[in-house]
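Colleague: What follows is a predicted structure for the sequence shown.
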Amino acid sequence: MSRRIIPVLISVVLAALGTGAVLLYLRSADDRAIEGKQARTVLVADKQIPAGTSGRALRDKGYVREVRMPAETLPEDALGQVGADLDALVVTAPVQRGQLLLRAMFGTAVRNGSGLVIPDGQMAITARVRSNVFGPATVQAGARVAIFYTYTPLDEGNRDVVSGAGLEKGRKVNSVTRLLLTDVEVISVGRAEARDGDAAGGPVPGAARSDDELSVTFGLNQKDAERLAHAVALGGELNIGLLGESSAVKPDTGVDNRSLFG
């Protein structure tokens, strides 16, 4: 019997030594990753953080944990602690487990009955956007989007100037679609209310119907809010594109009726 036990004990000891060696190797690999580099202690989500969670709750309820990372790989606003200055602020969108905690994720909770959470230092502004592709369930609070504007230019020589007549349509009328704003945070999404023309009299010819539109509230600084408000006032149509982690979006001259196919 004892002869059978001895090999079993030896196997257990070897397995334990092997596990210990693997753990030591992984730890040394982490150390080697930051060896020779300036490291910072930063916070990551230890579990999913719901939108609207306050800074105080993050600290008191164990939502975050500390990790060491090379400083050169970190964004400037990466948080090393949840200070008292964040106690009254909330995360404006859900934060996934393992995601790095950034100062830009926090905003002011607005108690006005709307349930909106406005990113810190920004304002909320709402606009109608076309919903040919997206619906309220697709575009959600916290999404980052690019906003495109389709308009009628003043004339062929002033393509950068909006005519002010909205989006005109006709065989000899040119229109332009260009990037208006990018990396914009969505605060809330809903169906657009019916327009006056959508009643018994029917929609205005050439105009978007309310069932083709979404009412989207964006978080913007003052300058960008002015640009969006002005575009809305001039008429035309707004479309949005959802941004991914590696989306490459930059301003250009856009496309018009003549360059649509290249």
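Modeller: Done, it's in.
Colleague: In the stretch 101-250 of the chain, mark out all the strands, start to finish.
Modeller: 106-109, 117-119, 123-130, 144-151, 176-191, 213-220, 237-242 (DSSP state E, counting those that start in this stretch).
Colleague: Pairing partners for the first one, with directions?
Modeller: I take that to be strand 106-109. strand 89-91 (antiparallel), strand 117-119 (antiparallel) (DSSP bridges).
Colleague: ok, residues contacting the last one?
Modeller: This means strand 117-119. Residues outside strand 117-119 that contact it (CB atoms under 8 Å, 6 or more residues apart in numbering) are 51-52, 90, 92, 104, 106-110, 124, 141, 185, 187, 219. From N, CA and C alone the C-beta is placed, and that goes for glycine too.
Colleague: Quick one: distance of it to the chain centre.
Modeller: 13 Å (CA atoms, centre = their mean, to the nearest Å).
Colleague: And it, what's buried?
Modeller: 117-119 (16 or more other CB atoms under 10 Å).
Colleague: so for that strand, what's the average pLDDT?
Modeller: Strand 117-119 shows an average pLDDT of 75 in the prediction.
Colleague: Pull the contacting residues for Ile240.
Modeller: Here Ile240 is in contact with 129, 134, 139, 145-148, 216 (CB under 8 Å, 6+ apart).
Colleague: Could you list everything it pairs with in the sheet?
Modeller: Ile147.
Colleague: Wait, Met123 touches Leu220, no?
Modeller: Yes - with contacts counted by CB atoms under 8 Å, Met123 reaches Leu220, the gap being 6.4 Å.
Colleague: ok, these two, which is more surrounded?
Modeller: Leu220 (23 against 13; other CB atoms under 10 Å).
Colleague: The worst-scoring helix or strand of the chain on mean pLDDT: what's the following helix or strand?
Modeller: When each helix and strand of the chain is scored by mean pLDDT, DSSP states H and E, helix 2-34 comes last, with a mean of 55. Using DSSP states H and E, the helix or strand that follows helix 2-34 in sequence is strand 39-45.
Colleague: hmm, who's touching that following strand?
Modeller: 63-71, 74, 78-82, 95-101.
Colleague: Restrict that strand to CA atoms and write it as CSV.
Modeller: Extracted C-alpha coordinates of strand 39-45, given in CSV (Å, rounded to 0.1, in the frame of the first residue of the first chain):
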residue,chain,number,x,y,z
ALA,A,39,4.9,52.9,-14.2
ARG,A,40,1.7,54.3,-12.8
THR,A,41,-0.9,52.9,-10.6
VAL,A,42,-4.3,53.3,-12.3
LEU,A,43,-7.9,52.1,-11.8
VAL,A,44,-9.8,49.6,-13.9
ALA,A,45,-13.4,48.4,-13.4
